[in-house]
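Engineer: take this sequence and fold it.
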Amino acid sequence: VYGMVSVRLAALLSFCWVSSGLKDLGQVQLSNGVFNISLSSIPFGDFGFNTFGINGQVPGPSIRVQAGETVTIELSNGLDPADGIPCSDTSRFCDCMFTNVHLHGMHLSSKGVLDSRSLDGDDITVKLSAGESMLYQHFIPENHMPGTHWYHPHHHHATALQAGGGAAGFFIVEDPPDFLPEVFMTMPEVLWFISTHNLDALQRMADEAQTTTLRNASTIAAAKGLSTNPILVNGELMPTVDLPSHTWHRMRIVYASIEQSLRLVTDSSSGGTCALQLLAKDGIYLDTIPRSITAIHLFPGARVDVAWSCSCASYPCSVVVKSVPNPQPAGGGNGNGNGNGGFAGGDIGNVNLTESDIMTITIADSQTSAAPELPVFNPARPCYLTDVRDAEVAGSGELGLETGQGLFKVTWNGAGEAMTEANIEHNGGDLRTWPALTSWNVGSVYEVQVTGINAHPLHFHVNPYQIVDMPEVSYGDGFFKIGDFHDTLLLSDLTGSDPIKIRMVTDRFAGK
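Structural biologist: Sure thing, here's the model as predicted:
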């Protein structure tokens, strides 16, 4: 275990944000020790319809904290209580006038007021009504790994509409002083919140939920000659990013989508070339940094930190960041379609690769001949992220991610139900009464064999997991390797029957 206690002033000084031509997302400002965020229905750019946003913008402003802090968040629900229908036995998308907020990727307690705490922690069963506010309080462990995470609504049956519509933002745990070698600590930092918005799918969900927000999104966009599948970076279509040559920048990337994945590469046909060095995935530093990569793999909920440096054959020049097909074996579950398969009449949960230009990077001459060499370094790791490939396991099981017939379900050793409203009602009418797939003890290591991870991401709250076995040592041109940690993972290179094995340290947090 290592400690990371430092004062907030250090947090304000520990990163160097650089103006790159992208829209500045801003930061949620502390007010009397509280971060205030509000969910409401707001315009989706100039498209002519409303979406869900945070503090009046898409995406929302960023929150930056440090390990060892107590973080208090006040969430206000600014939605119309009459705009939507409550859930019934036949509902898939409903209750969209209610909300809550989840800190995706954070190693925190999931307990709340119903567990006898004075304030709610990262409890996704909380249901905040329209017109009301509530307080969350999070005790971030002193040994929490610094990294890039995000916050978003997580009310069951409304998550896809609200988070998929744009109600989300960065949640960053700062690097403590001297955590990394100076060349990494002093890199100019650029935030890329990349989001895909399948308006056909969002409109269908809004129709089912009977909410006016996003209800005619695709129809309105098509009538105006606008894309019905816009891909935004910091809320902008195809922005231009200005970078000096031969300078390492730290790109913090969050990717939000309901059912599309991206494989980002740089197109050098306009005279520019870029080197990409992977630092972290899902807010967790690699065991050894940096790792040279040729593509960045993004899928719903993924975060990536990349050191990025570009140069020109002659100045100025540019590169286009684009998403391109991912070679895969026959039978792979992640098709190279337009991203509509997940909700456009196909199986709910299937994730499809989207091909598109994302942004342009213009490169100016910095008058330097080369970017500094990045040293090989092994960041300190807390005990919940220790290498457990050779550890003794307390138990094991088989977890299946299954899609079909318009439903998605998770099974444990072959047993499990889709979490439909009808099944929830049958099991007591409350998410808190939903039976657990299995029970694990705190402070142990567990092994899970996972199938279906080629078509739907595997995401765990509270505790991340380590990849301990795959059919191949690595995938995605080395982006995914045995030994890496994730809390969200999609491996489209696999076939549907290919399993992987993961292990998880249950550490300190009990709960559901």
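Engineer: any idea of the mean pLDDT for stretch 386-393?
Structural biologist: Summarised as a single mean, pLDDT over stretch 386-393 is 98.
Engineer: how far off centre is it?
Structural biologist: Chain-centre distance of stretch 386-393: 26 Å, with C-alpha atoms, centre = their mean, to the nearest Å.
Engineer: so the closest residue to Leu494 other than its chain neighbours, which state does it fall into?
Structural biologist: Excluding the flanking residues, the one nearest Leu494 by C-beta to C-beta, 6 or more residues apart in numbering is Asn454, at 4.1 Å. For the C-beta atoms, the positions are set from N, CA and C on the backbone; glycine is no exception. Here Asn454 is recorded as coil under DSSP: H, G, I helix; E, B strand; the rest coil.
Engineer: isn't Asn454 up against Leu490?
Structural biologist: Yes. At 7.4 Å, Asn454 and Leu490 qualify as touching, with contact defined as C-beta atoms under 8 Å.
Engineer: re earlier: tell me how far the residue nearest to Leu494 lies from Ser261.
Structural biologist: Distance from Asn454 to Ser261, counting by C-beta to C-beta, to the nearest Å: 11 Å.
Engineer: could you report the neighbour count for the residue nearest to Leu494?
Structural biologist: For Asn454, the count of nearby residues is 24 (other C-beta atoms under 10 Å).
Engineer: which one's the longest helix in this protein?
Structural biologist: helix 199-209 (DSSP state H).
Engineer: which parts of it are buried?
Structural biologist: Leu199, Asp200, Ala201, Leu202, Gln203, Arg204, Met205, Ala206, Glu208, Ala209 (16 or more other C-beta atoms under 10 Å).
Engineer: would you mind giving the residues you listed as TSV with distance to Val445 and pLDDT added?
Structural biologist: Conversion of those to TSV gives the following (distance: C-beta to C-beta, whole Å; pLDDT from 0 to 100):
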residue	distance to Val445	pLDDT
Leu199	44	97
Asp200	43	97
Ala201	38	96
Leu202	40	97
Gln203	45	98
Arg204	42	96
Met205	39	96
Ala206	43	97
Glu208	42	94
Ala209	41	95
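Engineer: before we move on, the earlier item: show me what the longest helix of the chain packs onto, helices and strands only.
Structural biologist: The contact analysis (3 or more C-beta pairs under 8 Å, 6 or more residues apart in numbering; DSSP states H and E) places helix 199-209 against helix 159-165, helix 217-223.
Engineer: outside of the last one itself, list whatever touches it.
Structural biologist: So that's helix 217-223. 44, 47-49, 51, 199-200, 202-203, 206, 227-228, 230 (C-beta atoms under 8 Å, 6 or more residues apart in numbering).
Engineer: from Gln466, how far off is Ala154?
Structural biologist: If you look again at residue 154, you'll see it is His, not Ala. Applying C-beta to C-beta to His154 and Gln466 gives a distance of 24 Å.
Engineer: who has more neighbours, these two?
Structural biologist: Shown here are His154 and Gln466; by other C-beta under 10 Å, Gln466 has more neighbours (24 against 21).
Engineer: next, give phi and psi for that one.
Structural biologist: phi -110, psi 140 (degrees, to the nearest 10).
Engineer: span of stretch 191-201 from start to end?
Structural biologist: Start and end residues of stretch 191-201 are separated by 27 Å (C-alpha to C-alpha, to the nearest Å).
Engineer: got it, and stretch 440-457?
Structural biologist: Span of stretch 440-457 from end to end, C-alpha to C-alpha: 22 Å.
Engineer: what comes up buried for that stretch?
Structural biologist: Of all the residues in stretch 440-457, those buried under the rule 16+ other C-beta under 10 Å are 440, 445-448, 450-457.
Engineer: now it, how far from the chain's geometric center?
Structural biologist: 18 Å.
Engineer: go ahead and flag the most central residue of this structure.
Structural biologist: Gly301 (2.5 Å; C-alpha atoms, centre = their mean).
Engineer: surely that one meets Pro457?
Structural biologist: Yes. Judged on C-beta under 8 Å, Gly301 makes contact with Pro457 at a distance of 6.0 Å.
Engineer: overlap of the contact sets of those two?
Structural biologist: Thr488.
Engineer: quickly note the distance from Tyr285 to Thr451.
Structural biologist: Counting by C-beta to C-beta, the gap from Tyr285 to Thr451 is 28 Å.
Engineer: let me fix that: Ile37
Structural biologist: 37 Å.
Engineer: could you do His107 as well?
Structural biologist: Taking C-beta to C-beta, one finds His107 at 26 Å from Thr451.
Engineer: what of Glu208?
Structural biologist: Counting by C-beta to C-beta, the gap from Glu208 to Thr451 is 29 Å.
Engineer: also Pro181?
Structural biologist: On the measure of C-beta to C-beta, Pro181 and Thr451 end up 40 Å apart.
Engineer: and Asn378, by the same measure?
Structural biologist: 32 Å.
Engineer: with Cys312 instead?
Structural biologist: 46 Å.
Engineer: please apply the same query to Leu108.
Structural biologist: 29 Å.
Engineer: one more: Gly131?
Structural biologist: When distance is defined by C-beta to C-beta, Gly131 is 44 Å away from Thr451.
Engineer: was I right about Arg242 contacting Met359?
Structural biologist: One correction, residue 242 is Asp, not Arg. No. Taking contacts as C-beta under 8 Å, Asp242 lies outside contact range of Met359: 11.1 Å.
Engineer: out of those two, which sits in the busier spot?
Structural biologist: Taking other C-beta under 10 Å, Asp242 and Met359 do not tie; Met359 has more neighbours (23 against 16).
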